[in-house]
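1. Here is my input; please provide its structure:
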Amino acid sequence: MADKTLVCKDCGNEFVFTEGEQAFYKEKGFDNEPQRCAECRKARKQKNNNNRGFRR
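-> Residues are numbered from 1 along each chain as shown. Model (predicted):
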């Protein structure tokens, strides 16, 4: 495996899907490559966590 350059579907910037990340994805059984860069994944996760209000 070699590093792959992918394009983020949110911001359109290129990011590198490293050989190590590819091995991790394969080990975990993930079939799809990431579609978002690390910054957009972090922002999306943060947004999702903020939208999970506590119910009483």
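2. Going by C-alpha atoms from here, please, whenever you check contacts or count neighbours.
-> Fine.
3. Show residues contacting the lengthiest helix in the chain.
-> When the chain is parsed with DSSP state H, its longest helix is helix 38-50. With contact meaning CA atoms under 8 Å, 6 or more residues apart in numbering, helix 38-50 is reached by 8, 10, 11.
4. Can you turn the buried part of those into a ChimeraX selection?
-> Applying 16 or more other CA atoms under 10 Å to the contacts of helix 38-50, the buried members can be selected in ChimeraX as follows:
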select :8
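5. Can I get the contacts of helix 38-50 in CSV including pLDDT?
-> What follows is those, written out as CSV (pLDDT from 0 to 100):
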residue, pLDDT
8, 98
10, 97
11, 97
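6. Alpha carbons of the longest helix of the chain, as CSV, please.
-> Presented in CSV, the C-alpha positions along helix 38-50 are these (Å, rounded to 0.1, in the frame of the first residue of the first chain):
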residue,chain,number,x,y,z
ALA,A,38,-9.3,15.3,9.8
GLU,A,39,-10.4,18.9,10.4
CYS,A,40,-13.8,18.3,8.9
ARG,A,41,-14.3,15.0,10.8
LYS,A,42,-13.4,16.8,14.0
ALA,A,43,-15.8,19.7,13.3
ARG,A,44,-18.6,17.3,12.3
LYS,A,45,-18.1,15.2,15.5
GLN,A,46,-18.1,18.4,17.6
LYS,A,47,-21.3,19.6,15.9
ASN,A,48,-23.0,16.2,16.5
ASN,A,49,-22.0,16.2,20.1
ASN,A,50,-23.4,19.7,20.6
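7. from the contacts of helix 38-50, which is closest to residue 33?
-> Nearest to residue 33 among those: residue 8, at 11.0 Å, using CA to CA.
8. contacting residues around the residue nearest to the closest one when sequence neighbours are not counted?
-> Nearest non-adjacent residue to residue 8, counting by CA to CA, 6 or more residues apart in numbering: residue 36, 4.4 Å away. Contact analysis of residue 36 by CA under 8 Å, 6+ apart lists 7, 8, 9, 10.
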